[in-house]
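Undergrad: only geometry, no sequence info:
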């Protein structure tokens, strides 16, 4: 997390970085030669930098947000666990095939008192990507095998046994598509998690912190509150894969991102998520401390609300929430006896 974000420069950020470099050079020159007063020029350039920064990040396209969500310096699950909890005890293995480092999880004390909540023990589970070549290979870039989802389910059932809330952090390009994963029941493992999470009798708070791709994300993404960072994305398919299917080429990934409507602002309009968690200007990697604080407050609010519900109320509300997704109105054109409205639940 100590590496400069400028090392991984995104294309649309180049004009801003060039202007920031000019500002740094002018400040260095002013410091070296006190007799030369450059304060007016520096102030003017600072104003231009702030205006350009606001202009760029206030008008991001959907594809640009996808790029920010994939930034290699963006905070990952273990970074959030370290910042928001204490006493984290990682638990391993699915008690069937083995452990999966693409999903991490364990018991920890959520430091809720720092975020207008209360300190409490939670089960925290999330996808984990790697920071270098070795760790990315080890964690398969955050793409879980079936044992990862089965490990997550084992931990969630443990949380339910002891009456502890579950917090999941989503950040994956998808479930691992290897032959061995399919042989060990990848689809069944994800489907089983959906079924079991729908009836888990403890609060579940889901936070999309980066990429939320298809069933790979949804396998630990059924919850009472779905929170999503401002520059994260959540969709049934990645823009590149969508482009390759529709246009037989990855060249139309920007058009695919627009069509998929995969950003937080899109999804909250369709009630797929419940809250957008704001990020620092430029993305969570620019100011991780602020990102951690914003996520902590959002999780604390969600837990404060959910703890007031008993198990029956919790499950009824959860099922109703997901039942409402995909509902749409079909309006007749006169041929259907005056144009009746029909509500259809997918």
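TA: Perfect, I can see it now. Owing to the predicted nature of the structure, the values given are computational and were not obtained by experimental measurement. Residues are numbered from 1 along each chain as shown.
Undergrad: from memory residue 106 sits against residue 121, does it?
TA: No. Counting by C-beta atoms under 8 Å, residue 106 stays clear of residue 121, with 10.9 Å between them. C-beta coordinates here come from the backbone N, C-alpha and C atoms, glycine included.
Undergrad: which one of these two has more residues nearby?
TA: For residue 106 and residue 121, the more surrounded residue by other C-beta atoms under 10 Å is residue 106, and the numbers stand at 18 against 15.
Undergrad: ok, what's across the strand from the more buried one?
TA: Judged by DSSP bridges, the bridge partners of residue 106 are residue 90, residue 124.
Undergrad: What pLDDT is listed against it?
TA: Listed pLDDT for residue 106 reads 98.
Undergrad: Pull out the buried positions in stretch 132-142.
TA: 139, 140, 141, 142 (16 or more other C-beta atoms under 10 Å).
Undergrad: I'd like to know the average pLDDT value across it.
TA: 96.
Undergrad: Any chance you could list what contacts that stretch?
TA: 76, 101, 102, 127, 128, 129, 130, 171, 172, 173, 176, 211 (C-beta atoms under 8 Å, 6 or more residues apart in numbering).
Undergrad: Make JSON lines from those residues and add neighbour count, distance to residue 146 and secondary structure to it.
TA: Below are the contacts of stretch 132-142 laid out as JSON lines (neighbours: other C-beta atoms under 10 Å; distance: C-beta to C-beta, whole Å; DSSP: H, G, I helix; E, B strand; the rest coil):
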{"residue": "76", "neighbour count": "23", "distance to residue 146": "22", "secondary structure": "coil"}
{"residue": "101", "neighbour count": "16", "distance to residue 146": "14", "secondary structure": "coil"}
{"residue": "102", "neighbour count": "25", "distance to residue 146": "11", "secondary structure": "coil"}
{"residue": "127", "neighbour count": "31", "distance to residue 146": "14", "secondary structure": "strand"}
{"residue": "128", "neighbour count": "25", "distance to residue 146": "17", "secondary structure": "coil"}
{"residue": "129", "neighbour count": "23", "distance to residue 146": "19", "secondary structure": "coil"}
{"residue": "130", "neighbour count": "18", "distance to residue 146": "20", "secondary structure": "coil"}
{"residue": "171", "neighbour count": "26", "distance to residue 146": "19", "secondary structure": "strand"}
{"residue": "172", "neighbour count": "30", "distance to residue 146": "14", "secondary structure": "strand"}
{"residue": "173", "neighbour count": "22", "distance to residue 146": "17", "secondary structure": "coil"}
{"residue": "176", "neighbour count": "21", "distance to residue 146": "9", "secondary structure": "coil"}
{"residue": "211", "neighbour count": "26", "distance to residue 146": "20", "secondary structure": "strand"}
